[in-house]
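Novice: Have a look; sequence and predicted model below, questions after that.
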Amino acid sequence: MKLFIPFLKKPPVVPVIRLQAGIGTGRNALSDAGLAPLIEKAFNMKPAAVALAINSPGGSAVQSSLIAARIRRLAVEKGVKVHAFVEDVAASGGYWLACAGDEIFVDDSSIVGSIGVIFASFGFPELMARQGVERRVVTAGKSKSLADPFLPQKPEDIDRLKALQGPIHDAFIAHVKARRGARLAADADLFNADVWVGRQAVELGLVDGVAHLVPKLKALYGEEVRLVPLGQKRGLLARFGLLVADDLLQSVEDRALWARYGL
């Protein structure tokens with residue numbers, strides 16, 4: 001009833017944006033385009049703060065950067081504090097998103113980190129040879145067939161991919177340093193793609209403490225705080241397990257991301 005009586009003070013509102021999935025441009029992945037309406041809605045609610053509920057093994061560096069940048073831009077424009085809460089994992093791009101928070105909280109068993117860059121694909125040259133299939137490629141530009149999965153891996157391709165990964169890794173490191181600043185342990189090697197669990201991450205300054213979303217937000221904003229969940233809706237086909245070929249491949253890749261962390 002309190003919400004409908006104008007002369008009574010309304011309880012503070014904290015939208016909770018759920019970021020649970022791999023990051024990319026697939027149908028059910030976290031993407032800037034898919035999350036933009038939710039993020040904009042959250043910051044337009046005149047909230048006391050915005051919370052991020054993160055459970056992501058990572059994915060696209062570009063989408064991670066775009067999503068985090070949107071959150072930070074609106075946080076500054078609206079003067080709203082952002083609290084990030086990690087569930088099972090915030091690794092790689094998932095940790096990039098967590099760093100959009102002014103504070104990051106974890107469970108004792110949360111997996112955090114993996115500040116690195118990975119390129120992964122499949123190779124089929126031997127299978128094709130056994131089946132008598134010949135791959136014919138004609139390119140204008142020697143790098144046009146870079147990392148072709150139907151051709152044997154070449155040392156020059158590996159060198160080229162590593163050269164591409166370097167600037168992306170540098171951007172990731174710069175983002176973490178800019179957001180975490182002096183909280184990061186000065187004497188630790190944090191940027192070699194290792195992961196840490198719960199309190200280890202607290203000690204290293206990657207996160208701020210061990211806390212769960214509901215009790216922490218109540219402690220910060222009072223028992224009457226109103227938490228408003230916001231999340232991407234899954235497509236109808238995905239909800240019923242009816243995936244087309246592209247989505248099936250995306251699902252395999254997504255499972256591989258989660259499997260790296262035993263999930």
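Specialist: Structure received.
Novice: which residues does residue 227 form a beta bridge with?
Specialist: residue 14 (DSSP bridges).
Novice: quick one: it and residue 14 touch, right?
Specialist: Yes: using C-beta atoms under 8 Å, residue 227 makes contact with residue 14 at a distance of 5.5 Å. C-beta here means a position set from N, CA and C on the backbone, and glycine is covered the same way.
Novice: hey, what's in contact with both of those two?
Specialist: Contact with both residue 227 and residue 14 is made by residues 51, 217, according to C-beta atoms under 8 Å, 6 or more residues apart in numbering.
Novice: quick one: low-confidence parts of this protein?
Specialist: For the chain, applying pLDDT under 70 flags the ranges 1-8, 118-129, 131-154, 157-159, 161-162, 234-263.
Novice: biggest helix in it, by residue count?
Specialist: helix 155-180 (DSSP state H).
Novice: what's downstream of that helix, the next helix or strand?
Specialist: Downstream of helix 155-180, the first helix or strand assigned by DSSP states H and E is strand 195-197.
Novice: Give the other helices and strands that that next one contacts.
Specialist: Judged by 3 or more C-beta pairs under 8 Å, 6 or more residues apart in numbering; DSSP states H and E, the packing partners of strand 195-197 are strand 111-113.
Novice: Listing partners with orientation, what would you give for the strand it packs on?
Specialist: When DSSP bridges is applied, strand 111-113 pairs with strand 81-91 (parallel), strand 195-197 (antiparallel).
Novice: okay if I get the ones you listed as TSV plus distance to residue 41 and mean neighbour count?
Specialist: Shown next, in TSV, are those (distance: least, C-beta to C-beta, whole Å; neighbours: other C-beta atoms under 10 Å):
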stretch	distance to residue 41	mean neighbour count
strand 81-91	15	24
strand 195-197	32	18
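Novice: And those strands: which comes nearest residue 63?
Specialist: strand 81-91 (15.0 Å; C-beta to C-beta).
Novice: list the contacts for residue 20?
Specialist: By C-beta under 8 Å, 6+ apart, the contact set of residue 20 is 30, 53, 54, 55, 56, 87, 231.
Novice: Tell me the one of the residues you listed nearest residue 9?
Specialist: Closest approach to residue 9 among those (C-beta to C-beta): residue 53, at 26.8 Å.
Novice: What's the separation between that closest one and residue 228?
Specialist: Here the criterion is C-beta to C-beta, to the nearest Å. By it, residue 53 lies 12 Å from residue 228.
Novice: Looking at these two, which is more packed in?
Specialist: Taking neighbours as other C-beta atoms under 10 Å, residue 53 and residue 228 compare with residue 53 leading, 19 against 15.
Novice: you'd agree that one is up against residue 16?
Specialist: Yes: at 5.5 Å, residue 53 counts as touching residue 16 under the criterion of C-beta under 8 Å.
Novice: joint contacts of those two?
Specialist: Residues touching both residue 53 and residue 16 (C-beta under 8 Å, 6+ apart): residue 213.
Novice: distance between the ends of stretch 10-24?
Specialist: Start-to-end span of stretch 10-24 (C-alpha to C-alpha, to the nearest Å) is 38 Å.
Novice: From what I see, residue 105 and residue 87 are in contact.
Specialist: No: at 10.5 Å, residue 105 does not count as touching residue 87 under the criterion of C-beta under 8 Å.
Novice: returning to that earlier point: overlap in contacts, residue 53 and residue 228.
Specialist: Common contacts of residue 53 and residue 228, defined by C-beta under 8 Å, 6+ apart, comprise residue 16.
Novice: sorry, back to before: got TSV for the strands paired with strand 111-113, with distance to residue 189 too?
Specialist: Putting the strands paired with strand 111-113 into TSV (distance: least, C-beta to C-beta, whole Å) gives the following:
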stretch	distance to residue 189
strand 81-91	16
strand 195-197	12
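Novice: Nothing else from me, thank you.
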